[in-house]
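Undergrad: I'll drop the sequence and a predicted model, then ask my questions.
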Amino acid sequence: MKLECEVCIVGGGPAGALLSCLLAEQGVSTILVERQSVAGKAFRGEILNDEGLQVIQKHKLLEQIHEEYALASTRIEYWEHQQQVKTIEPAEGNVGVHIPQPRFLEALLKQASTYESFRYLAGTTVTALEGDSEQGYTGLIACDKNGDEVTIRSSIIVGADGRYSTVRKLAQMPVTNIRHGYDLLWAKIMAPVGWEPVTRLALVNGRQLSLFSQAEGYIQMGWNVDEGSFHTLFKQSFEPFIHLLVETFPDLKHSVHDQIRSWKDFVPLDIFSSRSDTWSRNGLVLIGDAAHTMTPTGAFGLNAALKDADVLASELLRLRQQGGYTGAGLKAFEDERRQAVTELQERQLTMESTFHEHFSPIENQIIQK
């Protein structure tokens, strides 16, 4: 199969899907290539903060998502020794909105599919890029779900394919990884009856334990563990680990024991952040985790990726009107976003290093912000 388009986007996560939608709406011929056959199958961040909400509200995309799939968190609670020691409540609004990523992607892809200029290739894996950094990239080669080769010629390739970006690797774009001293175990359980839509953060044996209320009646749990400890941890008894969880939050006892029965019920996540030396080449640009991987701290990654897509869409439309997707124009996008993203990554490091400071001897602090 041989296809042509103006913009070929690799990676059907939130950033890639949003960018596709925004470009196709303006008549830009757009092909979205996604390795997974089912949208949202892989684990990704799902909490929208003010930046992400502003982006999707700006484009009236929140209206496409049924209200039962959007859950606002009312406050952040800090817990230690079964005691709530601090509460952060917003003066107005919320401290984040959870939208299940499959629902979010379904809404974006449904909207994009209403435009004739959009085409979606699910279950398709990129294998090579056409062109080079000197003469410019002119397209890519991929393998579809049937094993057949697909060649796509395009004016621009956008790598929105995550922290292990294939596009970045094939373009040989250098990246610097930063370790944070911990890894993470994720798990999801049903919320018990009466559970409020809040975010709970706890200090357990000097490590952070986070609980995030989710739409559709779930709680997502993230538990920091020693960096590189998965292999050793999974050889140990499962029970003491779960006992600590139940001891910290007794109201979750039944849900935990019913739904977390072994280490297999956790998803291990290797934690690092990264900074690509450059996000753009002639005919190619990176956005989201492909350009700047973030940790889950503060839920900045998803929201920064959505902002990338919004800004890049505006820049590509401007360049199109001026007659060409120039390398200088792509570099202008990078320059606009790099400082903001770098500041967020530095903020994550500060939040992680000062997390324990929230647990002071003074109990029941209530802070409005």
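TA: Arrived safely. Numbering: from 1, shown residues only.

Undergrad: what pLDDT does the residue nearest to Gly301 when sequence neighbours are not counted get?
TA: The shortest distance from Gly301 to any non-neighbouring residue, by CB to CB, 6 or more residues apart in numbering, is to Met294 (3.8 Å). (C-beta placed from N, C-alpha, C; glycine too.) Among the per-residue scores, Met294 shows a pLDDT of 95.

Undergrad: and if you look at Gly40?
TA: 62.

Undergrad: re the thing from before, the residue nearest to Gly301 - how many residues pack around it?
TA: 25 (other CB atoms under 10 Å).

Undergrad: Could you pull up the residues touching it?
TA: 273, 300-301, 304, 344-345, 348 (CB atoms under 8 Å, 6 or more residues apart in numbering).

Undergrad: Now go through those residues and say which are in strands.
TA: If you go by DSSP state E, the contacts of Met294 have Ser273 in strands.

Undergrad: Arrange the contacts of Met294 in a markdown table, one row each, with neighbour count, distance to Trp195 and pLDDT as further columns.
TA: Output for those, formatted as a markdown table (neighbours: other CB atoms under 10 Å; distance: CB to CB, whole Å; pLDDT from 0 to 100):
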| residue | neighbour count | distance to Trp195 | pLDDT |
| --- | --- | --- | --- |
| Ser273 | 22 | 31 | 96 |
| Phe300 | 24 | 26 | 95 |
| Gly301 | 27 | 26 | 95 |
| Ala304 | 25 | 29 | 97 |
| Leu344 | 20 | 30 | 96 |
| Gln345 | 20 | 32 | 96 |
| Gln348 | 20 | 27 | 96 |
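
Undergrad: which one of the contacts of Met294 sits closest to Asp289?
TA: Gly301 (6.3 Å; CB to CB).

Undergrad: surely the closest one meets Ala291?
TA: No: using CB atoms under 8 Å, Gly301 makes no contact with Ala291, being 11.2 Å away.

Undergrad: who touches both of these two?
TA: With CB under 8 Å, 6+ apart, Gly301 and Ala291 have no common neighbours.

Undergrad: Could you point out the longest helix of the chain?
TA: The longest helix of the chain (DSSP state H) is helix 327-353.

Undergrad: if we can go back for a sec, and the two most separated of the contacts of Met294?
TA: Longest span within the contacts of Met294, CB to CB: Ser273 and Ala304, 11.4 Å.

Undergrad: where do the contact lists of those two overlap?
TA: 292, 294.

Undergrad: Go ahead and confirm Ser113 touches Tyr120.
TA: Yes: shown here, Ser113 and Tyr120 form a contact pair, counting by CB under 8 Å, at 6.9 Å.

Undergrad: higher neighbour count, those two?
TA: Tyr120 (18 against 14).

Undergrad: Okay, and the beta partners of the more buried one?
TA: Leu32 (DSSP bridges).

Undergrad: pLDDT at it, what is it?
TA: pLDDT, Tyr120: 98.

Undergrad: list the contacts for it?
TA: Contacts of Tyr120 by CB under 8 Å, 6+ apart are 12, 20, 31-32, 34, 109, 112-113.
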